[in-house]
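Asker: fold the following for me, if possible:
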Amino acid sequence: MELIVGIGECAVSNKEADSIRTFALASCVAVTAYSPLNKVAGMVHVALPFPTDIRDINSRPCYFATTGLPVLINKMCKLYGCLKGELKIGLYGGANSINNDDVFNIGKRNIEALVCTLDSLCIKIHSNETGGILSRTLEMNVATGIVKVFTHPIHI
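Answerer: Okay, here's the model as predicted:
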């Protein structure tokens, strides 16, 4: 089965026939996690670095880097018996805006928030394909943990 991860969503699977996909990562960042020991794969698609309203933490925790990443890690560890130290983590997306007037730098700020959150959880990054000016679509194979990245130019 193909599991689709939309913006602000998370998916985890231990079914080897499954794949996990997300589309059109520009400034958004997808975090992939894979347990080679348990053959468990997971992905979260974050849009912003952190929530600005406490209500967002409860209503859409995976929308934010600082809350979505812990949701992914907790699901993999608590529901599937993975250990944090065994997880192979990948970061994808976080593109720079092609608009020179962009003062928000969401892509860069998403990456920074995820790196800080991973550091606080004592988890290291194994794959990092972030930044640039490309949109990325991902497909993760649950059986192997292999992530295929398809790139597209960003258009205004």
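
Asker: near Thr22, how many other residues are there?
Answerer: When neighbours are counted by other Cβ atoms under 10 Å, Thr22 registers 25. (Glycine included, C-beta is placed from N, CA and C.)

Asker: looking at it, it is touching Val147, isn't it?
Answerer: No - taking contact to mean Cβ atoms under 8 Å, the distance of 10.4 Å between Thr22 and Val147 leaves them out of contact.

Asker: all strands of this structure, in order?
Answerer: For the chain, the strands defined by DSSP state E cover 2-4, 10-13, 19-25, 29-35, 40-46, 88-93, 125-130, 134-141, 147-153.

Asker: overlap in contacts, Thr22 and Val147.
Answerer: Each of Leu138 lies in contact with both Thr22 and Val147 under the rule Cβ atoms under 8 Å, 6 or more residues apart in numbering.

Asker: against Leu121, how distant is Ile54?
Answerer: With distances defined as Cβ to Cβ, to the nearest Å, the gap from Ile54 to Leu121 amounts to 21 Å.

Asker: neighbour count for these two, which is higher?
Answerer: Applying other Cβ under 10 Å to Ile54 and Leu121 shows that Leu121 carries more neighbours, namely 14 against 8.

Asker: contacting residues around the more buried one?
Answerer: Residues in contact with Leu121, defined by Cβ under 8 Å, 6+ apart, are Leu69, Pro70, Ile73, Lys84.

Asker: now with 7 Å, please.
Answerer: Counting by Cβ atoms under 7 Å, 6 or more residues apart in numbering, Leu121 touches Ile73, Lys84.

Asker: distance to Leu79 added to the strands of the chain, as a markdown table?
Answerer: Converted to a markdown table, the strands of the chain look like this (distance: least, Cβ to Cβ, whole Å):
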| stretch | distance to Leu79 |
| --- | --- |
| strand 2-4 | 15 |
| strand 10-13 | 7 |
| strand 19-25 | 15 |
| strand 29-35 | 12 |
| strand 40-46 | 9 |
| strand 88-93 | 18 |
| strand 125-130 | 22 |
| strand 134-141 | 17 |
| strand 147-153 | 21 |
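
Asker: quickly, which of the ones you listed bottoms out on average pLDDT?
Answerer: With a mean of 93, strand 147-153 has the lowest mean pLDDT of the strands of the chain.

Asker: orientation of it relative to strand 19-25 in degrees?
Answerer: 20 degrees (axes from the mean of the first three to the mean of the last three Cα atoms, to 10 degrees).
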